[in-house]
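Asks: need a structure here:
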Amino acid sequence: MSVKPKSEELNAAFSACRRYFATAALFSLAINILYLASPLYMLQVYDRVINSGSEVTLVMLTLVLLVALGALASLDMVRARILSRAGVRLDSLLAGRIVGATFDGILRRGRAAHPPLRDFDTFRQFVTGPGIHALFDLPWAPIYIFVIFLLHPYLGAFALCCALILVGMTVANEWLVRQPMVDANEAASRSYNFTEASLRNAEVIQAMGMLPGLLVRWRRDRNRMIDRQQLASDRSAAASGLIRFLRLTMQSLILGVGAYLVIERMATSGAMFAASIMLGRALQPVEQMVGSWRNLVAARSAYERIKLMLLDNPVQEQNLSLPRPEGHLALEAVGFALPGNGKPILRGISFGIGAGEVLGVVGPSGAGKSTLARLIIGVTAPSAGVVRLDGADVSVWPRATLGRHLGYLPQDIELFADTVAANISRFRREGDMRVIEAAKLAGVHDIILRLPKGYDTNLGEGGAVLSGGVRQRIALARAVYGDPSLVLLDEPSSNLDADGDAALLACIAELKRRGTTVVMVTHRPNTLSVVDTLLVLKDGMVEAMGPRQEVMTRLVRPTVPNALQDGNRRGA
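Replies: Down below sits the predicted model:
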């Protein structure tokens with residue numbers, strides 16, 4: 001299925017919301033026309049009612065004014081509701097896509113400098129919230145200036161000059177504030193990312209007394225952010241104060257111009273006061289924009305980052321869905337290097353295993369074992385070569401389809417703040433028995449039953465209510481859920497006790513009996529007893545591969561520590 005050029009994604013979303021913004025623009029026209037009610041009321045009172053002394057005219061004019069102002073308030077409220085609905089529509093169109101693109105970007109390049117969903121919320125809240133009202137009202141300022149021209153050309157010319165002066169001040173404010181805001185946003189991103197990384201390692205920081213030094217490092221970016229924000233705020237406040245001074249001065253001076261015209265009998269008293277009110281209304285959106293300039297700059301920067309992120313992570317074409325794989329795994333001259341790093345982590349990895357085989361991967365730390373695991377499972381694309389499952393390239397296999405046939409237990413286990421059942425089932429709704437079957441296969445069913453609410457126990461953030469070993473066994477149940485064709489286990493026994501080790505070996509033996517292909521990265525010799533084939537990595541290359549007993553005999557004879565006992569305390 002073909003997809004639109006990705007540069008059009010945001011435009012397409014806004015096109016889908018076009019009727020909301022068009023309706024809001026029409027309401028803005030009506031609102032700004034109704035704002036003429038007050039100056040026209042004053043014009044009529046001064047020029048007609050006072051001169052005629054007609055109380056009936058005054059009452060009727062007052063009733064019309066009240067109706068107009070009531071309609072204005074109602075339309076303003078409805079406009080706000082319309083823009084709020086536009087925000088909901090934008091969220092339904094783009095939020096899921098942005099989350100998906102964020103996942104793709106993190107898998108390719110690591111953490112995002114700016115959280116894209118936070119950027120989207122910043123932009124969405126601005127374009128659908130009160131801050132956008134000034135932009136809707138600004139195009140109608142010429143209406144007021146045109147009406148002032150109708151009252152008298154001198155008054156209109158004065159109002160036009162005032163408007164041009166304030167627009168010039170707005171442009172100057174943009175020039176003064178933009179760079180400090182960009183610098184502040186960059187420093188803020190570094191500070192937030194450093195803070196999040198520190199919180200993830202709170203135990204290490206506390207145990208080794210790192211907090212004082214870490215706070216000094218954290219304060220560096222924080223001070224930069226505060227300094228640039230303060231500079232931008234000072235400049236914006238100065239511009240805002242000056243613009244407010246100019247607007248109030250202009251509203252007063254137009255009274256002076258009007259008074260001169262009244263003295264010269266070139267205009268009426270009502271025209272003088274009406275022109276002052278309309279000039280204030282014409283200049284008000286400009287002042288509002290300067291007051292919310294920081295929000296406008298933040299929304300614009302967020303929009304640009306979202307656009308670039310979507311361009312960098314295009315929607316994948318929906319390829320033909322393939323049948324369930326049997327589990328034949330083959331790597332063809334696979335290599336991997338980090339972008340910008342000339343030294344490859346893996347070089348020329350080629351091997352194949354049949355369906356239902358159990359492959360053990362061992363090697364010293366830094367050999368590339370965990371990188372190989374990520375390439376096999378398809379979460380990282382190789383820099384060279386191809387990883388094939390049943391002959392199909394795993395990097396182009398439709399992820400939503402392939403993921404159902406894969407199981408993955410990473411080194412760094414992450415459980416989600418939901419129930420045990422939801423975590424094991426991968427948040428699918430396919431029946432309770434499949435969840436229980438997976439838990440029994442992983443040997444964790446009895447442990448789950450002893451939790452406060454059994455399978456309905458909420459695990460909290462990161463599975464905080466569980467021990468490391470139980471978290472690992474629940475993650476193993478998640479990996480084997482749904483009878484996958486290929487299961488990849490990266491250091492699956494790192495947190496397990498003797499009972500956990502026994503349950504793990506029983507699980508792998510059962511997977512093998514069912515015909516599931518298993519790839520296990522490990523450094524514990526006792527977990528190799530269920531392995532059929534052993535692969536030894538060293539310096540990113542295959543040092544040895546073959547039947548388990550044959551390879552172990554070959555390695556143990558010259559030097560025991562090299563591949564097995566020196567081992568991988570934490571994989572690459």
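
Asks: In the stretch 451-572 of the chain, what residue spans correspond to helices?
Replies: 468-480, 498-513, 548-556 (DSSP state H, counting those that start in this stretch).

Asks: Deepest-packed of those, please.
Replies: Across those, the average number of neighbours (mean count of other Cβ atoms under 10 Å) peaks for helix 468-480, which reaches a mean of 23. C-beta here means a position set from N, CA and C on the backbone, and glycine is covered the same way.

Asks: gap between that helix and the chain center?
Replies: Relative to the centre of its chain, helix 468-480 is centred 28 Å away, using Cα atoms, centre = their mean, to the nearest Å.

Asks: the domain parsing of this protein - what is it?
Replies: Here the domain parsing of the chain from automatic domain parsing is 6-312, 329-565.

Asks: avg pLDDT for the longest one?
Replies: Put plainly, it is domain 6-312. Averaged across domain 6-312, pLDDT comes to 82.

Asks: Please apply the same query to the shortest one.
Replies: Per-residue pLDDT over domain 329-565 has a mean of 85.

Asks: Relative to Ala509, how far out is the closest residue in space to Ile447 that isn't next to it in sequence?
Replies: Sequence neighbours aside, Val470 is the residue nearest to Ile447 in space, at 5.9 Å (criterion: Cβ to Cβ, 6 or more residues apart in numbering). Applying Cβ to Cβ, to the nearest Å, the value for Val470 to Ala509 is 21 Å.

Asks: likewise Glu9?
Replies: Going from Glu9 to Ala509 by Cβ to Cβ gives 48 Å.

Asks: Return the most buried member of the domains of the chain.
Replies: Between these, the one whose residues have the most neighbours on average, counting mean count of other Cβ under 10 Å, is domain 329-565 (a mean of 18).

Asks: circling back to that earlier point, want to throw the domains of the chain into CSV with distance to Pro323?
Replies: Formatted as CSV, these follow (distance: least, Cβ to Cβ, whole Å):
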stretch, distance to Pro323
domain 6-312, 25
domain 329-565, 9
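
Asks: And whichever helix in the chain runs longest, how far out from the chain middle?
Replies: Across the chain, the helix with the greatest residue count (assigned by DSSP state H) is helix 55-109. A distance of 23 Å separates the C-alpha centroid of helix 55-109 from that of its chain, computed with Cα atoms, centre = their mean.

Asks: can you check stretch 513-525 too?
Replies: The gap between the average C-alpha position of stretch 513-525 and the chain average comes to 36 Å, counting by Cα atoms, centre = their mean.

Asks: And for stretch 324-334?
Replies: Centroid separation for stretch 324-334 versus its chain: 33 Å, with Cα atoms, centre = their mean.

Asks: Between the two ends of that stretch, what distance do you get?
Replies: Counting by Cα to Cα, to the nearest Å, the length from the leading to the trailing residue of stretch 324-334 is 24 Å.

Asks: what's it in contact with?
Replies: For stretch 324-334, the surrounding residues in contact (Cβ atoms under 8 Å, 6 or more residues apart in numbering) are 346, 348-356, 359, 372, 375-376, 382, 384-392, 405, 485-486, 515-517, 519.

Asks: quick one: which of the residues you listed sit in strands?
Replies: When the contacts of stretch 324-334 are checked against strands using DSSP state E, the ones located there are 346, 348-353, 359, 384-389, 392, 486, 517, 519.

Asks: next structured bit after the longest helix of the chain?
Replies: Sequence-wise, the next helix or strand beyond helix 55-109 is helix 116-127, with elements assigned using DSSP states H and E.

Asks: quick check, distance from that following helix to the centre of its chain.
Replies: Averaged C-alpha coordinates place helix 116-127 at 9 Å from its chain's average position (Cα atoms, centre = their mean).

Asks: Please export the C-alpha coordinates of it as CSV.
Replies: Taking Å, rounded to 0.1, in the frame of the first residue of the first chain, the C-alpha atoms of helix 116-127 are listed here in CSV:
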residue,chain,number,x,y,z
PRO,A,116,8.0,14.1,20.9
LEU,A,117,4.6,13.6,22.6
ARG,A,118,5.3,16.5,24.9
ASP,A,119,6.2,18.6,21.9
PHE,A,120,3.0,17.6,20.3
ASP,A,121,1.0,18.5,23.4
THR,A,122,2.7,21.9,23.6
PHE,A,123,1.8,22.6,19.9
ARG,A,124,-1.7,21.2,20.1
GLN,A,125,-2.6,23.2,23.3
PHE,A,126,-1.4,26.4,21.7
VAL,A,127,-3.2,26.0,18.3
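
Asks: Grab the nearest non-local neighbour of Thr122.
Replies: Ala302 (4.4 Å).

Asks: Quick one: classify Pro344 as helix, strand or coil.
Replies: Here Pro344 is recorded as coil under DSSP: H, G, I helix; E, B strand; the rest coil.

Asks: check contacts around it.
Replies: Shown in contact with Pro344 (Cβ under 8 Å, 6+ apart): 335-337, 383, 540.

Asks: and the two most separated of those?
Replies: Using Cβ to Cβ, the pair of the contacts of Pro344 lying farthest apart is Ser383 and Gly540, separated by 11.6 Å.

Asks: what sits against Ile424?
Replies: Counting by Cβ under 8 Å, 6+ apart, the residues that Ile424 touches are 435, 438-439, 455, 474, 477-478, 481.

Asks: can you redo these as CSV with distance to Leu43?
Replies: As requested, the contacts of Ile424 are arranged in CSV below (distance: Cβ to Cβ, whole Å):
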residue, distance to Leu43
Val435, 75
Ala438, 79
Ala439, 80
Tyr455, 75
Ile474, 76
Ala477, 78
Arg478, 74
Tyr481, 76
